[in-house]
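# Structure for the following, please:
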Amino acid sequence: MKITNEFIKFEREEKTVMEEKYTPSVIEPSYGLGRIMYCIFEHCFQMREEDQQRTYFDFPISVAPIKCSILPLINKEVLNKKTMELKTMMNKAGITNKVDDSGVSVGKRYARTDECGCPYAFTVDFDTAEKNLVTMRQLYSMT
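Here you go, the predicted model:
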C-alpha cells in the first residue's frame with residue numbers, strides 16, 4: 001500500500017500548556033554500605049528474655065565479623081601458650097578470632113563475647129594443657 005497525499009495533513013496550531021514544578025525537600029542520593037550495616041545491626045540485636053539488660057548480637061555465622069573468642073581461664077604461662085597455639089591454628093584456617101585475656105571472670109568474658117556477636121567461645125583451661133581439650137560455648141544456647 002502506498003501513502004498518498006490524501007492520507008497526509010499538515011496543520012499549525014497554538015496550544016497553552018500548564019505545568020507545576022516540584023522540588024523535593026529530601027534527596028536520597030544512594031543506598032550505601034552504612035545503611036546496609038545499620039540494617040544488619042538492627043536485625044541482629046537481641047535481648048535475653050530472662051534479663052533485658054543482657055543484650056547481644058545474633059549474627060549469622062556467615063556475617064559475624066569475629067567467629068570466635070579464645071578465653072584462657074587464668075593468666076598462667078602454660079595456658080597462654082595453648083591459647084596462642086589455638087589462635088595460630090584458627091588464623092591458618094581463616095577463622096577470625098579474638099583473645100580476651102583480661103583478668104575478669106570467665107562469665108564476664110562470655111558476656112563480652114555475646115555482646116560482640118561472636119557465635120563461639122573457646123575456654124582454655126588445665127584440661128587443654130594436659131589433654132588438648134577446650135571448652136566450647138555457643139552463643140545461642142549459652143552452653
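# In the helix of greatest length in the chain, which residues are buried?
When the chain is parsed with DSSP state H, its longest helix is helix 77-93. Neighbour-count burial for helix 77-93 flags L79, K82, T83, L86, K87, M90 (criterion: 16 or more other CB atoms under 10 Å). The way it works is simple: take the backbone N, C-alpha and C, and place the C-beta from them, glycine included.
# And the helix or strand of the chain with the lowest mean pLDDT, how far out from the chain middle?
When each helix and strand of the chain is scored by mean pLDDT, DSSP states H and E, helix 126-131 comes last, with a mean of 85. Centre-to-centre, helix 126-131 and its host chain are 33 Å apart (CA atoms, centre = their mean, to the nearest Å).
# Could you check that helix and say which residues are buried?
Buried, per 16+ other CB under 10 Å, within helix 126-131: T128, A129.
# Which SSE is immediately downstream of that helix?
strand 135-138 (DSSP states H and E).
# What strands flank that following strand, and is each parallel or antiparallel?
With DSSP bridges as the test, strand 135-138 is paired with strand 120-124 (antiparallel).
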